[in-house]
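Colleague: let me see the structure of the following:
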Amino acid sequence: MRLANSESITNFTIFISFKTQLLMQKINSFLFVFLLAFTCSAQLPFTQTTVFSGLNQPVAFAIAPNDGRFFVTIKAGQIVVYSSTGTSLGTFYNLADSTYNNFERGLLGICFDPDYNTNHYVYAYYNHRWPNTSNGSQSLRVIRFTDNSNVGTTPTVILNIPVSNSIPGNHVGGNIHFRPSDGKLYVSIGELATPSNAQLKTNPFGKILRINKDGTIPNSNPYYDDGVPTTLNDDRIWEYGHRNPFDFTFGANDSLYISENGENTQDEMNLGRKGGNYGWQTCEGNLQYGNSNPCNVPGLINPLTVWTSPLQSVTGIIFYSGCMFPEYKNHIIIGNNDQGQIFDLVLGNAPAYTSVLSNTLISDLTSSGGLTSIMQGADGSIYAMNGGYTSNGGIFKLSRTITPVITAGGPTTFCQPSNVVLSATPTGYSYQWYKNNVAISGATNISYTASLTGTYKIMICNNSSNEINVVRNLLPPATVTPADTQYFCLPATITLNANTGTGLSYQWKKGSASISGATTNSYTPTVSGKYKVVVTKSNGCTRNSNIVQVYKINCRDENYDLSEDDFSVYPNPSANDFTIDLISSELFNLKIIDLQGKVLINLSEINGSISFGEELNTGIYLLEIINSKGSKSIQKIIKTE
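Modeller: This next block holds a predicted model:
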């Protein structure tokens, strides 16, 4: 990990005396410039606030997944804790007695276990020396703590890499993060300012390492052989050929993106690949080392993007997946140390996101520096650390105020099956609609069609909108009985009856026309037609009933009155045949006619007792009887199943 813009080893002494002094001069005005730039720059679609400050050489931080606390590493060897609002909660653990913090050494990276909410594990990377004197033994360590109410307990070393006392002290690592897809711990380590280390698979320097939570080595690592890092390959290597990989992040697609400090010509961002070789010192960035020729060397992986000289030391990096800044969704947000700049890298080739389409400066703090770490908060805020060689370091929150508002596109009280469309502002965000404070599955668009009674709202980045009450009134029942086709002949009548209930009113209709005065729950038709009733509930909702066909028929001829003593038909209704007894001695003609007027049975000059109709289908028919004088009688017969 490089905490300032490092140099080649030959210029080590000059760097310490000059570069650090230059940075310290910048630091004095950092807070004012940082605040001014983030508040006033027209480029920035957010506001900046200070979460906390006043820390001496903070390096990195992690955000607790359960409550948003900040766990901060201090270069001298302390881990301190702050609440999500910036209140100091004390020292989590003090490793100062064994932390070697000269030059770029110190207590550096920190992260939480993926299962923190159940095991409360916190991991930290530091440069260990014991005894902590000039002749003490040095090693690079990852240590695990158990968080017990903001106090680290049960420290356990899960990674220990011995290093020589004679190493220069820069490019010593070390950030640590868990990969979501495999639950393994990844560790970045520089090449200890010895370029040849980067290409050697027999040591861990200039590499990204991959280990299990307990420090054991996964046998799925690309160079795993015997499981012993000090013989043959170092089995922990995931990829190699790095100079000084400062930080890294995992995308939603599981891709690994690495910020890396160059030496003279190019800083870079790499796409990490299992077993990949990133070319240092054959290449620096996408150029051959020491010249301007392209680095088209077989077997080496070129960076996704680069920053050219003068180098500014790219540092903190995140793959933005939050909802607060939808314009940065699935982008890389990356910072640099020397100028405190933040860049937006638009990624291409979705959903793999294996290319960079553009690299845009979104924040320019050119008169300051010391931006060492970037993290995304649970609500989508971006947190940036002013760290490294500063005596007044802290964390800044980049956020925006989101005030969701929902409006209704029509009446919010309606009768089924109507609905109302609810719409939200502002546009461009991720949305979740709620009904009665319960998230509606799949309701993630800017509008929602509400068809049920309830209280509706929308959430954008944990910000709640106003609420709208929707009332869907039920339709009343509307049923007319009898429901089948009805026939009547005067002086007989039929009565149509509607369902009854509390708060119901009625309007009978013949066809589409309302019948004047027909406003009770029953109606007696006087003419043929199609009848229905419109039932209205006290809430104003109406429903049309079923339609009943009514026929008024002439059952006796007006010129000759056939007496019921002249004939009788039985049984009626009948499931088989019908019998007609013709009482008079005269002759009669008999016709059976369906409701469409088609003659189905025609019997002439009959007398006495006659059976008929066994062949008829289930239904309603008209029986026409005509005597020898031409007088007739028509009556309904019903064939049942």
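Colleague: quick one, domains of this structure?
Modeller: The chain breaks down by automatic domain parsing into domains covering 9-399, 405-473, 480-552, 567-639.
Colleague: pipe the ones you listed into JSON lines and attach mean neighbour count and mean pLDDT per row.
Modeller: Just so you know, the C-beta spots here come from the backbone N, C-alpha and C atoms, and that holds for glycine as well. Shown next, in JSON lines, are the domains of the chain (neighbours: other CB atoms under 10 Å; pLDDT from 0 to 100):
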{"stretch": "domain 9-399", "mean neighbour count": "19", "mean pLDDT": "89"}
{"stretch": "domain 405-473", "mean neighbour count": "16", "mean pLDDT": "97"}
{"stretch": "domain 480-552", "mean neighbour count": "15", "mean pLDDT": "93"}
{"stretch": "domain 567-639", "mean neighbour count": "15", "mean pLDDT": "89"}
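Colleague: now the end-to-end length of stretch 613-629.
Modeller: One end of stretch 613-629 sits 25 Å from the other (CA to CA, to the nearest Å).
Colleague: same question for stretch 256-273.
Modeller: Across stretch 256-273, first to last residue, CA to CA, it's 7 Å.
Colleague: the residue lying closest to residue 421 once chain neighbours are set aside: what's it in contact with?
Modeller: In space, and not counting its chain neighbours, residue 421 is closest to residue 409: 4.1 Å by CB to CB, 6 or more residues apart in numbering. Counting by CB atoms under 8 Å, 6 or more residues apart in numbering, residue 409 makes contact with 420, 421, 422, 423.
Colleague: and residue 409, how close does it get to residue 449?
Modeller: To residue 449, residue 409 is 9 Å away according to CB to CB, to the nearest Å.
Colleague: try residue 353
Modeller: From residue 353 to residue 449 the distance is 34 Å (CB to CB).
Colleague: and residue 287, by the same measure?
Modeller: As judged by CB to CB, residue 287 and residue 449 stand 57 Å apart.
Colleague: cool, residue 208 as well?
Modeller: Taking CB to CB as the measure, residue 208 and residue 449 are separated by 49 Å.
Colleague: before we move on, what about residue 52?
Modeller: Taken as CB to CB, the span from residue 52 to residue 449 is 46 Å.
Colleague: next one: residue 380
Modeller: Taking CB to CB, one finds residue 380 at 27 Å from residue 449.
Colleague: does residue 410 touch residue 421 like I think?
Modeller: Yes - contact between residue 410 and residue 421 holds when scored by CB atoms under 8 Å: they sit 7.0 Å apart.
Colleague: just confirm residue 118 is within a helix.
Modeller: Yes - assessed with DSSP: H, G, I helix; E, B strand; the rest coil, residue 118 lies in a helix.
Colleague: any idea how far residue 156 is from it?
Modeller: 17 Å.
Colleague: who is residue 177 paired with across the strands?
Modeller: residue 186 (DSSP bridges).
Colleague: for it, what are its contacts?
Modeller: Going by CB under 8 Å, 6+ apart, residue 177 touches 111, 185, 186, 248, 249, 250.
Colleague: and the two most separated of those?
Modeller: 185 and 249 (14.3 Å; CB to CB).
Colleague: what's across from the nearest residue to residue 440 once chain neighbours are set aside in the sheet?
Modeller: Take residue 440 and drop its neighbours on the chain: the residue closest to it by CB to CB, 6+ apart is residue 433, 4.8 Å away. Beta bridges link residue 433 to residue 458 when assigned by DSSP bridges.
Colleague: quick one: the strands in the stretch 301-450 of the chain?
Modeller: 305-308, 314-320, 331-336, 342-348, 355-363, 371-376, 382-386, 393-399, 405-408, 413-415, 420-425, 432-435, 438-439, 447-450 (DSSP state E, counting those that start in this stretch).
Colleague: out of those, nearest to residue 58?
Modeller: Using CB to CB, the nearest of the strands of the stretch 301-450 of the chain to residue 58 is strand 393-399, at 4.2 Å.
Colleague: any idea of the angle that closest one forms with strand 342-348?
Modeller: 50 degrees (axes from the mean of the first three to the mean of the last three CA atoms, to 10 degrees).
Colleague: for strand 393-399, which helices and strands make contact with it?
Modeller: helix 30-40, strand 47-55, strand 58-63, strand 382-386 (3 or more CB pairs under 8 Å, 6 or more residues apart in numbering; DSSP states H and E).
Colleague: report the distance from it to the chain centre.
Modeller: Strand 393-399 has its C-alpha centroid displaced from the chain centroid by 26 Å (CA atoms, centre = their mean, to the nearest Å).
Colleague: what are the contacting residues of it?
Modeller: 34, 38, 44, 46-58, 61, 70, 72, 82, 86, 324, 370, 377, 379-387.
Colleague: and the closest residue to residue 545 other than its chain neighbours, how many residues sit next to it?
Modeller: Excluding its sequence neighbours, the residue lying closest to residue 545 (CB to CB, 6+ apart) is residue 478, at 4.0 Å. Other residues near residue 478 number 20, with proximity taken as other CB atoms under 10 Å.
Colleague: hang on, residue 233 packs against residue 222?
Modeller: No - if you go by CB under 8 Å, residue 233 and residue 222 don't touch, sitting 9.1 Å apart.
Colleague: tell me what residue 589 is bridged to.
Modeller: residue 626.
Colleague: tell me which element residue 483 falls in.
Modeller: According to DSSP states H and E, residue 483 maps onto no helix or strand at all.
Colleague: what residues are up against it?
Modeller: Residue 483 touches 546, 548, counting by CB under 8 Å, 6+ apart.
Colleague: torsion angles phi and psi at it?
Modeller: Dihedral pair for residue 483: phi -100, psi -20, per degrees, to the nearest 10.
Colleague: close enough to count as contact, residue 144 and residue 123?
Modeller: Yes - using CB under 8 Å, residue 144 is in contact with residue 123, at 5.2 Å.
Colleague: which neighbours do those two share?
Modeller: In contact with both residue 144 and residue 123: residue 158, using CB under 8 Å, 6+ apart.
Colleague: does the spatially closest residue to residue 488 that is not a sequence neighbour count as helix, strand or coil?
Modeller: Using CB to CB, 6+ apart and skipping the chain neighbours, the partner closest in space to residue 488 is residue 494 (4.8 Å). Three-state assignment for residue 494 (three-state DSSP): coil.
Colleague: from here on, count from 57
Modeller: Will do, 57 is the new start, and the previous item becomes residue 550.
Colleague: wait, residue 550 sits on residue 581?
Modeller: Yes - at 6.7 Å, residue 550 counts as touching residue 581 under the criterion of CB under 8 Å.
Colleague: need the residues touching each of these two.
Modeller: 542, 544, 606.
Colleague: figure out how far the strand or helix carrying the last one is from the centre of its chain.
Modeller: In this assignment (DSSP H and E), residue 606 forms part of strand 604-608. In terms of CA atoms, centre = their mean, the centre of strand 604-608 is set 59 Å apart from its chain centre.
Colleague: hmm, who's touching it?
Modeller: Against strand 604-608 from outside (CB under 8 Å, 6+ apart): 536, 538-546, 550, 552, 581-588, 651.
Colleague: which element follows it toward the C-terminus?
Modeller: By DSSP H and E, the next helix or strand past strand 604-608 is strand 623-626.
Colleague: quick one: residues in contact with that following strand.
Modeller: Against strand 623-626 from outside (CB under 8 Å, 6+ apart): 634-640, 644, 679, 681, 689, 691, 693.
Colleague: just checking: what are the partner strands of it?
Modeller: strand 634-638 (antiparallel).
Colleague: and the partner strand, how far out from the chain's middle?
Modeller: Per CA atoms, centre = their mean, the centroid offset for strand 634-638 relative to its chain is 78 Å.
Colleague: what sits against residue 508?
Modeller: 491, 526, 528.
Colleague: closest to residue 260 out of those?
Modeller: Once CB to CB is applied, the member of the contacts of residue 508 that ends up nearest residue 260 is residue 491, at 54.1 Å.
Colleague: all set, thanks.
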